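# after the sequence you'll find the predicted model.
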Amino acid sequence: MKEQIQSINKKQEQRHKSDFGHLASQLAARGHAVEKTVAALASFQVAIPSWALGAGGTRFGRFGYGGEPSNLEEKIEDVGTVHALTGSAGAISLHIPWDIPGDAQEVKELAASKNIVFDAVNSNTFQDQPGQPVSYKFGSLCNESKAVRELAIEHNKEVVRIGEALGSKSITVWLADGSSFPGQASFRRSLAHTSASLKEIYADMPGDWSMFIEYKPYEPNFYHMVVQDWGTSFLLANECGERAYTLVDLGHHLPNTNIENIVATLMYKGKLGGFHFNDSKFGDDDLTVGCIKPYQLFLIFNELVFGMQNNTADNPPLAWMIDASHNLKDPMEDLMQSLDAILVAYAQALLIDQNELKAAQMEHDVTRCQEILQAAFRTDVRPLVREARRRSGAAISPISAYRQMGIREKLIAKRGENVQATGL
Ligand SMILES: [Mn+2]
């Protein structure tokens, strides 16, 4: 695949070099460190969740996509393809029990052969598994029944053990727990049970592991969610200990929430552990990153970049993951679009002169502040992103290379038209 990518790049190289050279000289003239930006873009890695390779999609139905991976090995192969083409998908995030590795060592070696590491593992207590002795219908870690809580705690501990065998170092806990009708549940008891359950899972983790607590304001429960917002997640993370962090998922906010402010606040306290990328029009739509609100993504990246460059509270390196999955597009093309949108927003944020912005803020020059941000946002940084990929040995234009190489057609020929990925 590497040689094929290089030969496709060759055909695009001349045009790319001219675009890149033009932008690089413009930026350099404005005092921007172009080489540093390209290097930062080339080293940025985002995890692909194991459920994003199939055409899972909406909550209401499933429309398959030809050549979908039907097991974990095939999913790793697909992430390997996306990584070879983009150079920025060097990690996979497993969902347990949808993707339990049969032979951990073999799976680890397969991933290593494609330069892929295992990022955070995800537990699932929002569905009952076949033969489960008690049900999560009325909640898992929050449940009034000790037997249900114990089952959910044990599942999370098991997920950590599976992750350990693969070399993962963190677990993401997202809870569907809550209630749909007023009076159905006690807010305080639900929260107290959840806190005690999380502490038990936390205490069982190896000393070099981290826990990420993901929040969501509504869905699947509509009246109340136990971990409804960043404040509740932050509170629970603080109760668990210093290796527990909040995880921000872009889609897990009510419309118009200022997510960049949440990011800044958490990094200021050293408590932002993970970040799930997607985009949405209404709620948790799980659409391709940057397809609806690219300016919001840029403003979030501005805070992420600032937080990483001014890490006064010792915030850990963030676990980045794409948490999007729709069923209208080829899942691999969709992921490549998301990765591109992430790098574009990152590159734009890197263009902001933070000293100049601070000076304008200190002078309360509101007009100038907006000019600085929008000048960065309106710069076409795509040649920088393409150059970062080219230097990593990846494709200058991943989707075009993917199509020219006929990858989907080959997968359909190999795996069939009607396979179904494990997961939802
Ligand atoms: Mn998520």
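Good, I have the coordinates.
# could you pull out the buried residues of stretch 302-317?
For stretch 302-317, burial by neighbour count (16 or more other CB atoms under 10 Å) applies to 302-307, 315-316. For every residue, glycine as well, the C-beta is placed using N, CA and C.
# and for stretch 11-19?
Buried, per 16+ other CB under 10 Å, within stretch 11-19: 12, 16, 19.
# cool, stretch 396-404 as well?
So stretch 396-404, judged by 16+ other CB under 10 Å, has buried residues 396-399, 401-402.
# and stretch 404-416, by the same measure?
Across stretch 404-416, burial judged by 16+ other CB under 10 Å covers 405, 407-408, 411-412, 415.
# cool, stretch 252-261 as well?
Buried-residue list, stretch 252-261, by 16+ other CB under 10 Å: 252-253, 259-260.
# any weak-confidence spans in the chain?
56-58, 421-424 (pLDDT under 70).
# Thr246 sits in which helix or strand?
Assigned by DSSP states H and E, Thr246 belongs to strand 244-249.
# do that strand and the ion meet?
Yes. Applying CB under 5 Å from the ion, one finds that strand 244-249 is in contact with the ion at Asp249.
# pairing partners for that strand, with directions?
Here strand 244-249 has these sheet partners by DSSP bridges: strand 210-214 (parallel), strand 272-277 (parallel).
# can you list contacts of the last one?
Okay, so that is strand 272-277. 46, 120, 170, 172, 210-212, 214, 237, 244-252, 263, 266, 289, 297, 304, 307, 315-316, 318-324, 338, 342 (CB atoms under 8 Å, 6 or more residues apart in numbering).
# the residue of the stretch 51-200 of the chain found nearest the ion bridge partners, please.
Nearest to the ion, among the residues of the stretch 51-200 of the chain, is Trp174, at 6.0 Å (CB to the ion). Applying DSSP bridges to Trp174 yields these beta-bridge partners: Glu214.
# could you report the neighbour count for it?
Using other CB atoms under 10 Å, Trp174 is surrounded by 21 other residues.
# the protein: strands as residue ranges?
47-49, 91-93, 117-118, 121-122, 170-174, 178-179, 210-214, 224-225, 244-249, 272-277, 319-322 (DSSP state E).
# run me through the strand neighbours of the second one, direction for each.
The reference is to strand 91-93. In the sheet, strand 91-93 lines up with strand 47-49 (parallel), strand 117-118 (parallel) (DSSP bridges).
# can you say which of the ones you listed is packed in most?
Mean neighbours per residue, mean count of other CB atoms under 10 Å, is largest over the strands paired with strand 91-93 for strand 47-49, with a mean of 27.
# how about residues contacting that strand?
79, 82, 89, 91-95, 119-120, 122, 319-323, 325, 335.
# of those, list those near the ion.
Asp323.
# shouldn't Glu303 be in contact with Thr265?
No. Taking CB atoms under 8 Å as the definition, Glu303 is not a contact partner of Thr265, at 9.2 Å.
# what does the stretch 201-350 of the chain have sitting close to the ion?
Counting by CB under 5 Å from the ion, the stretch 201-350 of the chain sits next to the ion at 249, 276, 323.
# at 8 Å what do you get?
214, 247, 249, 251-252, 276, 278, 321, 323 (CB under 8 Å from the ion).
# need these in a markdown table (columns: distance to Leu41).
Formatted as a markdown table, those follow (distance: CB to CB, whole Å):
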| residue | distance to Leu41 |
| --- | --- |
| Glu214 | 27 |
| Leu247 | 23 |
| Asp249 | 23 |
| Gly251 | 24 |
| His252 | 27 |
| His276 | 20 |
| Asn278 | 21 |
| Met321 | 18 |
| Asp323 | 21 |
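# of these, keep whichever come out buried.
214, 247, 249, 251-252, 276, 278, 321, 323.
# and which of those is nearest to Gln6?
Met321 (28.8 Å; CB to CB).
# wait, isn't the closest one in contact with Leu94?
No. Between Met321 and Leu94 there is no contact under CB under 8 Å: 11.1 Å.
# tell me which of the strands paired with strand 244-249 sits most buried.
strand 272-277 (a mean of 26).
# now that strand: how far from the chain's centre is it?
Mean C-alpha position of strand 272-277 versus that of the full chain (CA atoms, centre = their mean, to the nearest Å) differs by 6 Å.
# that strand versus strand 170-174: what angle between them?
Strand 272-277 runs at 60 degrees relative to strand 170-174, counting by axes from the mean of the first three to the mean of the last three CA atoms, to 10 degrees.
# mind listing what the residue nearest to Val289 when sequence neighbours are not counted touches?
Nearest residue to Val289 in three dimensions, chain neighbours excluded: Ser338, at 3.8 Å (CB to CB, 6 or more residues apart in numbering). Applying CB under 8 Å, 6+ apart to Ser338 gives the contacts 277-278, 288-290, 322, 324.
# distance check, Ser338 against the ion.
Going from Ser338 to the ion by CB to the ion, to the nearest Å gives 13 Å.
# ok, now Asn311?
24 Å.
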